[in-house]
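> this is the structure alone, sequence omitted:
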């Protein structure tokens, strides 16, 4: 059997600097942080992805003033009709979008709010809001990043308080319009998987 290799016997090899432990630790930290951030975003988009895979036919709620405001009972893709109250109604925009949005409570059901889109951001003189709505029904407190702080904005702009546990019907938000979440989930899953693989590979002790 040949003798074991002794690195100290080679002067050139012995003169090499030690492995860059700090750089390796930094790489492991960046991989872990990237994987964790991707996993958190994936969890946040999970509801949107599940909605995209839901039924393509809306559930008929009938008169919204008489429908339960609890989206857990009648959530998902729904259709209903009703009049929107002017009290507490606010109009707002979002970055990188030309359209604006108007949110108001349903008359006779203060715990159910509806968001409608104004194409081009223009509200014509004498414009009347629609009375039939087809879209996604969600808890207002968990309506996603695009509606974060909406209840506080309504209270600040109009002085009207949004009741606790209110629901939001986003008119025009169909399951087909949420399919982008499926692609995003696939990308995020690939990032999490790659980070996990690299973490295991870099953390493994190299055999002599």
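Done, it's in. Fair warning: this is a prediction, and the values are worked out from it, not measured in the lab.

> residues in contact with residue 81?
62-64, 131-133 (C-beta atoms under 8 Å, 6 or more residues apart in numbering). Every C-beta, even on glycine, is put in place using the N, C-alpha and C of the backbone.

> dihedrals phi and psi, residue 201?
phi -70, psi -40 (degrees, to the nearest 10).

> for this protein, give the helix that spans the most residues.
Counting residues, the longest helix found in the chain (DSSP state H) is helix 21-52.

> so what strands line up beside the next helix-or-strand element following it?
Towards the C-terminus, the helix or strand next in line after helix 21-52, according to DSSP states H and E, is strand 59-63. Strand 59-63 has the following strand partners under DSSP bridges: strand 76-81 (parallel).

> ok, back up a step: which PyMOL command selects the buried ones in the contacts of residue 81?
Command for PyMOL, covering only those of these found buried under the criterion 16 or more other C-beta atoms under 10 Å:
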select buried, resi 64+133
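
> would JSON lines of the contacts of residue 81 with distance to residue 82 and pLDDT be doable?
Output for the contacts of residue 81, formatted as JSON lines (distance: C-beta to C-beta, whole Å; pLDDT from 0 to 100):
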{"residue": "62", "distance to residue 82": "9", "pLDDT": "89"}
{"residue": "63", "distance to residue 82": "6", "pLDDT": "90"}
{"residue": "64", "distance to residue 82": "4", "pLDDT": "90"}
{"residue": "131", "distance to residue 82": "7", "pLDDT": "90"}
{"residue": "132", "distance to residue 82": "9", "pLDDT": "93"}
{"residue": "133", "distance to residue 82": "8", "pLDDT": "94"}
